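A.B. asks: From the sequence below, what's the structure:
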Amino acid sequence: MSEKNYQETRKCEVCGEIKPVADFSKSYRNRCKPCVAEMCRNERKSHNNLIEEKTSTMKWQTLNLTDALIGMHVLVKGYNRITSKEFFAVGYIDKYSNQFALLREEDKELNYIESVRLFSRSCSYWYINIDEIEE
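C.D. replies: Now for the predicted structure:
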């Protein structure tokens with residue numbers, strides 16, 4: 001008896017195309033990899049839009065680093081003038097080696113100084129005191 005060489009196929013629940021099983025996602029068993037990739041791109045884009053929308057309505061203050069800010073738990077919004085990109089960091093303001101630094105709470109507890117983000121002169125910063133944010 002001769003064996004038939006056939007490849008098992010499935011129909012994608014999103015696009016409706018019939019494709020080999022190897023072209024399907026392991027996480028979403030009934031969706032092909034291109035459909036899952038598109039879904040992930042859309043979710044990531046909507047998540048980024050949600051973050052931008054939330055953070056744009058917050059009342060940011062210009063971060064003028066002074067000794068009065070040391071020890072504050074903050075959400076920092078930075079803008080890198082070289083790369084023209086914004087970034088966010090959560091932590092507390094600490095003074096280390098005579099330079100101001102932003103250190104995450106978990107790093108503070110573990111005394112990990114390597115992960116300190118020193119404030120760079122090529123960036124502009126704004127902050128919000130986390131203790132004052134109402135939920």
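
A.B. asks: Return the distance of the longest helix seen in the chain from the chain's centre.
C.D. replies: Identified as the longest helix of the chain according to DSSP state H is helix 33-56. Centroid separation for helix 33-56 versus its chain: 11 Å, with C-alpha atoms, centre = their mean, to the nearest Å.

A.B. asks: strands paired with the next helix or strand after that helix, and their directions?
C.D. replies: Note on helix 33-56: by DSSP states H and E, the next helix or strand toward the C-terminus is strand 61-62. Within its sheet, strand 61-62 is paired with strand 123-129 (antiparallel), according to DSSP bridges.

A.B. asks: Touching the partner strand from outside, list them.
C.D. replies: Strand 123-129 is contacted from outside by 58-63, 69, 72-81, 119, using C-beta atoms under 8 Å, 6 or more residues apart in numbering. Placement of C-beta: from N, CA and C, glycine included.

A.B. asks: try it again with 10 Å
C.D. replies: 55, 58-65, 69, 72-83, 85-87, 89-90, 93, 100, 102, 119 (C-beta atoms under 10 Å, 6 or more residues apart in numbering).

A.B. asks: Just list whatever residues bridge to Ile128.
C.D. replies: What pairs with Ile128, by the bridge criterion (DSSP bridges), is Leu75.

A.B. asks: do you know how far it is from Gln7?
C.D. replies: Applying C-beta to C-beta, to the nearest Å, the value for Ile128 to Gln7 is 56 Å.

A.B. asks: For those two, indicate the residue with more neighbours.
C.D. replies: Ile128 (20 against 8; other C-beta atoms under 10 Å).

A.B. asks: Quick check: closest non-adjacent residue to Glu86.
C.D. replies: Once flanking residues are discounted, Glu86 sits nearest to Tyr79: 5.2 Å by C-beta to C-beta, 6 or more residues apart in numbering.
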